[in-house]
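**Student:** Coordinates for the following, if possible.
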Amino acid sequence: MAAAMTACGGGETTPESMTVDAEVMCEDFVQRELDTAAEFSGTEATVADAEAWTYEVTGAVTYDGTNASYICTVATDETGEEWTLTDLTFE
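**Tutor:** The predicted model follows:
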């Protein structure tokens with residue numbers, strides 16, 4: 001599964017400084033996958049591979065009366081302008 005989105009940012013960029021952006025991008029990817037109104041909680045990103053600018057994001061989502069957790073893997077480059085979804089799993 002691969003999808004791309006763009007984000008805005010500024011300042012010095014390191015893999016660690018992009019975790020909040022990774023969280024936001026994963027929530028966007030989950031929202032697009034569900035294609036319905038959703039509420040997110042507990043979203044947390046960790047750097048999976050600093051050299052590859054890859055992040056693993058976990059969280060919970062409520063949609064259509066259903067509660068689910070998800071694991072999302074996204075990647076970007078040092079610009080953080082384009083994000084690629086590499087994996088999305090619902091539990």
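**Student:** what is T73 paired to in the beta sheet?
**Tutor:** Beta-bridge partners for T73, by DSSP bridges, are E56, D87.
**Student:** From V30, how far out is it?
**Tutor:** 12 Å (C-beta to C-beta, to the nearest Å). From N, CA and C alone the C-beta is placed, and that goes for glycine too.
**Student:** And for A50?
**Tutor:** 24 Å.
**Student:** Over to T76?
**Tutor:** From T76 to V30 the distance is 17 Å (C-beta to C-beta).
**Student:** about what we covered before: intersection of neighbour lists for T73 and V30?
**Tutor:** Counting by C-beta atoms under 8 Å, 6 or more residues apart in numbering, the shared contacts of T73 and V30 are L88.
**Student:** got the contact list for stretch 58-76?
**Tutor:** If you take C-beta under 8 Å, 6+ apart as the criterion, stretch 58-76 is touched by 7, 18, 21-23, 25-27, 29-30, 34, 36-44, 48, 52-57, 82-91.
**Student:** ok, 7 Å please
**Tutor:** By C-beta atoms under 7 Å, 6 or more residues apart in numbering, the list of residues contacting stretch 58-76 from outside reads 18, 22, 25-26, 29-30, 34, 36-44, 48, 52-57, 82-91.
**Student:** Which PyMOL command selects the buried ones in these?
**Tutor:** Those of these that count as buried under 16 or more other C-beta atoms under 10 Å are selected in PyMOL with:
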select buried, resi 18+22+25+26+29+30+34+38+40+43+48+53+54+55+56+57+83+84+85+86+88
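**Student:** Looking at the contacts of stretch 58-76, which are in strands?
**Tutor:** 39-44, 48, 54-57, 82-90 (DSSP state E).
**Student:** Count the neighbours of T76 for me.
**Tutor:** Look at T76: counted by other C-beta atoms under 10 Å, it has 25 neighbours.
**Student:** for it, phi and psi?
**Tutor:** phi -150, psi -170 (degrees, to the nearest 10).
**Student:** Show the model's pLDDT score for it.
**Tutor:** Looking at T76, its pLDDT reads 96.
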